[in-house]
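S.K.: need the 3D shape of this:
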Amino acid sequence: MRFAFHPRLLLLAALLLFLAGPADRLLAHGEGAHQWTDSEEAILKGLWIGSLPDKPASPSNRFADDPAAAALGRQFFFDKRFSGNSEVSCGTCHRPEYAFTDNLPRAHGMGFTERRTMPLAGAAWFNWLFWDGRKDSLWSQALGPIESSVEHGISRVFAVKVIMENYREDYEAIFGPLPTFVKLGRVLARPDMTDPEAYKAWINIPHEDRDKVNMVYANFGKAVGAYVRTIVPGPARFDDYVQALLEGRAQDLPRIFSDDEAEGLRLFIGKAKCTNCHVGPLLTNSGFHNLGIAKKGEGGDRGRADGIIAVLADPFNCLGKYSDAQPRQCGELRFIDTGTEKYVGAFKTPTLRNVTERPPFMHAGQFKTIREVLEFYSRSRNPELGHGGLTGEEMEALEAFLGTLNGPIRALGE
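M.R.: Model prediction:
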């Protein structure tokens, strides 16, 4: 039996085959380089700052959202008296003009650290702080640099004395009366067993007074943490672009983005696979990844592997005596992945907000430019990190897009 097809039926069949392609082809919005499918638009909405949820609660710090505590924390943050040479403050490394980082490969306080300064914008949304996640709250994070010999270079006793001599009234208005000490001891006293003199001075302080020192020291951190919670990213040009797309203002898209920037964005969410790690409105999964650039062997930076050990042992963690949280509120710490060996050489994925304003890049400033970073990723053989063998033109487009992520950083007093 022979079948004959009417020409109109053949035309209809061809049309149906065409329509059987990707459904998104029928759902594209915009024109040319600025044409986006519904699925792409959904991805972009997830990266848009308008999708950023409210700040999560900070149960271990009951002063986290206290305006008075934040105001006092801001004073602490920029006060150079909290340093061994009266020249270093938190603001020395977290400079507002550099998106609350600095422009150095490694942070420099009293000396040089082994890693570079991490950005603070949006830190209120992070569960783990520092490149290795060795702190689980903003307030406990603020305490670490104080007793670091290469950062502030002082002790918790020194910090308490600065508060008693300069901030008594403001402190007591928030946290209640400063304690009376039987024997506060030497200003170098701190529980650091690697420094025998400082440790001996700490042990010589009566146990009850040591607890009082720790309480005031924790409150110092809680005030600084309240201030740092106010440091948030504002809308960048990228967010203006996505908002125009979401509002159906396709005619505005070419005015906000160049064709190269739009192509870079398309690569970012597609071929370049950047959203494997840089997701959500803060453009980070807050995870820890080994990029293969940490120094290997003895003396190398073990990253998250050591961070896990440190946060579990930290007396100022969420489960510690100086936390305001109930144990059930410390889920991240209670259920932390303790498999340290798989995290050797892994470091936290930083936010890409304002990324081009804060060179150099990576945890120890290994790359001077964004282009060097992109070339490194393009060469990587790690399937999780490889960026799809980008061409030179594609890397230029991707770099152009990354420049659209720069926006104002908002903070109390700025």
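
S.K.: residue 244 is in contact with residue 254, isn't it?
M.R.: No: here residue 244 lies out of contact with residue 254, judged by C-beta atoms under 8 Å, at a distance of 10.2 Å. Every residue, glycine included, has its C-beta placed from N, CA and C.

S.K.: who's more crowded, the two?
M.R.: residue 244 (19 against 15; other C-beta atoms under 10 Å).

S.K.: can you give me the strands in the stretch 301-414 of the chain?
M.R.: Using DSSP state E, counting those that start in this stretch, the strands of the stretch 301-414 of the chain run over 347-348, 409-410.

S.K.: I should have written the stretch 151-300 of the chain there, sorry.
M.R.: Taking DSSP E, counting those that start in this stretch to define them, one finds strands in the stretch 151-300 of the chain at 232-233, 288-289.

S.K.: which of those strands has the lowest mean pLDDT?
M.R.: Lowest mean pLDDT within those: strand 288-289, a mean of 94.

S.K.: list the contacts of that one.
M.R.: Strand 288-289 is contacted from outside by 132-133, 277, 303-304, 307, 343, 346-349, 384-385, using C-beta atoms under 8 Å, 6 or more residues apart in numbering.

S.K.: same thing but at 6 Å, please
M.R.: Identification of contacts with strand 288-289 by C-beta atoms under 6 Å, 6 or more residues apart in numbering yields 304, 343, 346, 348.

S.K.: neighbouring strands of it in the sheet, and parallel or not?
M.R.: Taking DSSP bridges as the criterion, strand 288-289 forms sheet pairs with strand 347-348 (antiparallel).

S.K.: tell me the mean pLDDT for the strand it pairs with?
M.R.: Here the average pLDDT along strand 347-348 is 96.

S.K.: just how off-centre is it within its chain?
M.R.: Relative to its chain's centre, strand 347-348 lies at 10 Å (C-alpha atoms, centre = their mean, to the nearest Å).

S.K.: who touches that strand?
M.R.: With contacts defined as C-beta under 6 Å, 6+ apart, strand 347-348 is touched by 131, 133, 288, 303, 363.

S.K.: likewise for stretch 134-152?
M.R.: 60-61, 82-83, 88, 109-111, 113, 129, 155, 159, 190, 221-222, 224-225, 228, 307, 310-311, 316-318, 333.

S.K.: can I get the CA coordinates of that stretch in PDB?
M.R.: The C-alpha coordinates for stretch 134-152 follow below in PDB (Å, rounded to 0.1, in the frame of the first residue of the first chain):
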ATOM      1  CA  ARG A 134      37.400  28.300  61.800                       C
ATOM      2  CA  LYS A 135      34.700  30.500  63.300                       C
ATOM      3  CA  ASP A 136      31.000  30.000  63.300                       C
ATOM      4  CA  SER A 137      29.700  33.500  64.100                       C
ATOM      5  CA  LEU A 138      30.600  37.100  63.400                       C
ATOM      6  CA  TRP A 139      31.200  37.800  67.000                       C
ATOM      7  CA  SER A 140      33.600  35.000  67.600                       C
ATOM      8  CA  GLN A 141      35.300  35.900  64.300                       C
ATOM      9  CA  ALA A 142      36.000  39.300  65.700                       C
ATOM     10  CA  LEU A 143      38.000  37.800  68.600                       C
ATOM     11  CA  GLY A 144      40.600  35.900  66.600                       C
ATOM     12  CA  PRO A 145      42.700  38.700  65.100                       C
ATOM     13  CA  ILE A 146      42.900  40.500  68.500                       C
ATOM     14  CA  GLU A 147      45.300  37.900  69.900                       C
ATOM     15  CA  SER A 148      47.100  37.200  66.700                       C
ATOM     16  CA  SER A 149      50.700  38.400  66.900                       C
ATOM     17  CA  VAL A 150      50.700  39.500  63.200                       C
ATOM     18  CA  GLU A 151      47.300  41.200  63.300                       C
ATOM     19  CA  HIS A 152      46.300  43.300  66.400                       C
END
